[in-house]
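> This is a predicted model, with the sequence first.
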Amino acid sequence: MALVIAGERSGVGKTTVTLTLLASLRRRDRLVQSFKVGPDYIDPMFHQHVTGRACRNLDPVLTSEAYVQQCFARHSQLSEYALVEGVMGLFDGVSSSVNSHTLREGVRVASRREAPMSFVKNKGQRTNDKGQITDFASTAHIARLLNLPVVLVIDCSRLSGSVAAIAHGYQSFDPRIKIAGVVLNRVGSDRHLSLLKDSLEPLQLPILGVLRRQDNITIPDRHLGLVPTAELPELNALIDRLADLGDTCFDWQRLLPLLKSEPLPSTDAINPVSPYSSFPVRIAVARDRAFNFYYQDNLDLLQQLGAKLVFWSPLEDAGIPKDVQGMYFGGGFPEVFAQQLAENSSARDAVKTAILKGMPTVAECGGLMYLCEQIIDFEGKSWSMAGVLPTSAVMGGRLTLGYRRAVALQDNLLVKANTTVYGHEFHRSHLTLTPTQPLFETSHYDCEENMGCEGWGLPANVHASYVHLHWGESGEIPQQFLKECLKVASLGTWI
C-alpha cells in the first residue's frame, strides 16, 4: 500500500502537502520512498532533499504502463512508506489511442500504445469520439495502474460550503478511484474550518489534514517553476517549519496505515543488457546549479551498464574531468548563470576541444544551450558559451511545453534513423538558427500536429536536443551512447 497526493487542480498546494508529509516522516526517522507523476525535475529535487532518497518519475508517456508498475514495485519495497505526488488536477492527462505499442531493438517505435485489456474494458472508461483514453498519464491513471488510494488536496481559500460539491464530484467521477480522504489547505480561521467540516460531513469523507494559511512557508519560483534546491540556502529551515506543521496538521492515526509500503507481486523488470563493466567507460556528467535536470533512472542505467559517472561543474571547475570518454549535459538553468558560465572560459574551451576531437556528448535542453555560441538572456545581454553549435539560444516570454513524438531523421549518437521516441519539452528559449540536418521530426504526442524539425547531430558525436528523454524502457539509448564512448575508451583516452 502507498498513497497518492492529488489536487483538484494545479496550484492547490500538492507539493507543500507532500513535502510536509515527507518532512514529518523523516523527523520520525521513517524510511520513505517518494514518486512524482509526470515529466518533472524540480519537485523530485525537493523530495530527495527531504528523504535522502532519489525520487522516481512515474510517466507512461515517456516510458510505459508496465514500466510505471515495475518502477514503483522495485523502489517502494525498499522503504517503510511510499508516497506519490500527482500532477495538475487528478484527472488531467493527455489523450491516447487504445492500440498496442511494440519494442524494436529496445526502443519504442512509432505505433500507438495500449492500456492493459482489463483496464480498457472497464465499464465507464472515458474516451473521446476518436476512441482515445482522455486521462492517460494523469494522476488518476497512475492511481488505477498501481491500485493506490488517493488523498485529494483542496484549496479552501475562496470557498466554504462549495467544498462539498468539489469533494463529491471527485469522489463520484470515477468509481475505480478510491478517495481515502481530503486535505483542506489554506484554511483561514476556526470559523472557516467549522463551515468546511459541516459541509463535508454528509459525504462521510475523512478529513486527513488541515493546513492553515501560512505566510512563513513559501518556496520561491521563477520562469520554469520552483527555484531548485541548490539555490535555496534557507531550505533546511523551511523543511524544519514544514516538519513542525506536519506534526500537528495531519491525522496520523489514519494516514500511517495508508502510507505503509507492502511487498508487491514481483514483476519482470526491464534491465539493460551487454554491460561494459569489463572495460569501464567514464562519463563526465555536468551537475551544479546550472545543470541539474536528470532522471535518476537514466543515471542508474548508465551505471548498471558499467559506466563510471564523474560529476563536475561547468560553473566552478576549470575543465572537464580527466580520463573520460563521454559527456552528458542535462537541462537546467544556464540562462540564470550565463555570466558565470561565460566567465569560466577554460571549462568552455575544454568542452569544445573535447567535442571537436570526437568526444561523444549528449546535451538536453539547457545542455544544448551551453553548446551554442551564445545565450542571450531575458535582458538582451549576450554571453559566450562553448561555441560547438553555430547558433545562439535566445530567452523569451513564450513557453514551449508538452510531450513530443520524435522520429529520427538520420542515424545519430543515440538512435537509428526512423526510430520513434517519446519525450518532453519545457523551455522559454529558441535558437537563432535551425540545423540543416536535424535529428528529429517532432509532433504532439496526442495529436498529429507537426511541431517541425529540431535537434543537432553535427558534429556526428553530438546529440543536442530540446527534447528530454527518459531511457527507462529504451535501453538501446544508453547502450548506443556507451558503445560510442567505448570506441574512445579503446584508444586509451579521449585526448
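Looks like it arrived, so ask away.
> ok, how many other residues are close to residue 408?
For residue 408, the number of neighbouring residues by other Cβ atoms under 10 Å comes to 21. (C-beta placed from N, C-alpha, C; glycine too.)
> I misspoke; the intended subject was residue 218.
Using other Cβ under 10 Å, residue 218 has 9 neighbouring residues.
> Can you classify it as helix, strand or coil?
Residue 218 falls in the coil class when you classify it by DSSP: H, G, I helix; E, B strand; the rest coil.
> And it, its phi and psi?
phi -140, psi 130 (degrees, to the nearest 10).
> State the pLDDT value of it.
With respect to pLDDT, residue 218 scores 80.
> got it, and residue 169?
96.
> what's next to whichever helix or strand it is part of, contact-wise?
Using DSSP states H and E, residue 169 sits within helix 163-173. Helix 163-173 has contacts (Cβ atoms under 8 Å, 6 or more residues apart in numbering) with 8, 90-91, 152, 154, 156, 159, 179, 182, 184, 196, 199-200, 202-203, 205.
> Run the chain-centre distance for that helix.
29 Å (Cα atoms, centre = their mean, to the nearest Å).
> Report the angle between whatever helix or strand comes next after it and helix 163-173.
Counting by DSSP H and E, the next helix or strand C-terminal to helix 163-173 is strand 179-187. Interaxial angle, strand 179-187 versus helix 163-173 (axes from the mean of the first three to the mean of the last three Cα atoms, to 10 degrees): 150 degrees.
> So for strand 179-187, mean pLDDT?
pLDDT averaged over strand 179-187 gives 97.
> How about stretch 416-427?
pLDDT averaged over stretch 416-427 gives 95.
> Which positions in it come out as buried?
419, 420, 421, 422, 423, 424, 425, 426, 427 (16 or more other Cβ atoms under 10 Å).
> residues in contact with residue 140?
Residues counted as contacts of residue 140 (Cβ under 8 Å, 6+ apart) are 6, 90, 91, 93, 150, 174, 177.
> got these as TSV, with secondary structure and neighbour count columns?
Putting these into TSV (DSSP: H, G, I helix; E, B strand; the rest coil; neighbours: other Cβ atoms under 10 Å) gives the following:
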residue	secondary structure	neighbour count
6	strand	31
90	coil	27
91	coil	18
93	coil	24
150	strand	25
174	coil	19
177	coil	22
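> Looking at those, which is nearest residue 368?
Nearest to residue 368, judged by Cβ to Cβ, of the contacts of residue 140 is residue 93 at 27.8 Å.
> unless I'm mixing things up, that closest one is touching residue 141, no?
Yes: look at residue 93 against residue 141 with Cβ atoms under 8 Å: they come within range, at 5.8 Å.
> Ramachandran angles for residue 255?
With angles defined as degrees, to the nearest 10, residue 255 sits at phi -70, psi -40.
> Tell me how far it lies from residue 30.
Residue 255 sits at a distance of 12 Å from residue 30 (criterion: Cβ to Cβ, to the nearest Å).
> For these two, indicate the residue with more neighbours.
Taking neighbours as other Cβ under 10 Å, residue 255 and residue 30 compare with residue 255 leading, 23 against 15.
> Not counting sequence-adjacent ones, nearest residue to that one?
Distances taken as Cβ to Cβ, 6 or more residues apart in numbering put residue 208 closest to residue 255, at 5.7 Å, once the chain neighbours are dropped.
> got the residue ranges for the helices in this protein?
14-27, 42-51, 65-76, 117-120, 139-146, 163-173, 190-200, 235-249, 252-259, 296-304, 338-343, 345-356, 366-371, 476-489 (DSSP state H).
> quick one: average pLDDT of the fifth one?
Looking back up the chat, that one is helix 139-146. The model assigns helix 139-146 a mean pLDDT of 97.
> Likewise for the last one?
Predicted confidence along helix 476-489 averages 91 (mean pLDDT).
> Could you list the alpha-carbon positions for it in CSV?
This file holds the C-alpha atoms of helix 476-489, laid out as CSV (Å, rounded to 0.1, in the frame of the first residue of the first chain):
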residue,chain,number,x,y,z
GLU,A,476,19.1,0.8,-26.6
ILE,A,477,19.7,4.5,-26.0
PRO,A,478,22.3,4.3,-23.1
GLN,A,479,23.8,1.2,-24.7
GLN,A,480,24.3,3.1,-28.0
PHE,A,481,25.8,6.0,-26.2
LEU,A,482,28.3,3.8,-24.3
LYS,A,483,29.1,1.9,-27.4
GLU,A,484,30.3,5.1,-29.0
CYS,A,485,32.2,6.0,-25.8
LEU,A,486,33.8,2.6,-25.8
LYS,A,487,35.4,3.4,-29.1
VAL,A,488,37.1,6.3,-27.4
ALA,A,489,38.0,4.2,-24.4
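> got the buried residues for stretch 400-416?
Neighbour counts over stretch 400-416 (16+ other Cβ under 10 Å) mark 402-410, 412-415 as buried.
> could I get those residues as JSON lines with distance to residue 13?
Listed next are the buried residues of stretch 400-416 as JSON lines, based on distance: Cβ to Cβ, whole Å:
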{"residue": "402", "distance to residue 13": "24"}
{"residue": "403", "distance to residue 13": "25"}
{"residue": "404", "distance to residue 13": "29"}
{"residue": "405", "distance to residue 13": "33"}
{"residue": "406", "distance to residue 13": "34"}
{"residue": "407", "distance to residue 13": "39"}
{"residue": "408", "distance to residue 13": "41"}
{"residue": "409", "distance to residue 13": "43"}
{"residue": "410", "distance to residue 13": "46"}
{"residue": "412", "distance to residue 13": "42"}
{"residue": "413", "distance to residue 13": "41"}
{"residue": "414", "distance to residue 13": "38"}
{"residue": "415", "distance to residue 13": "40"}
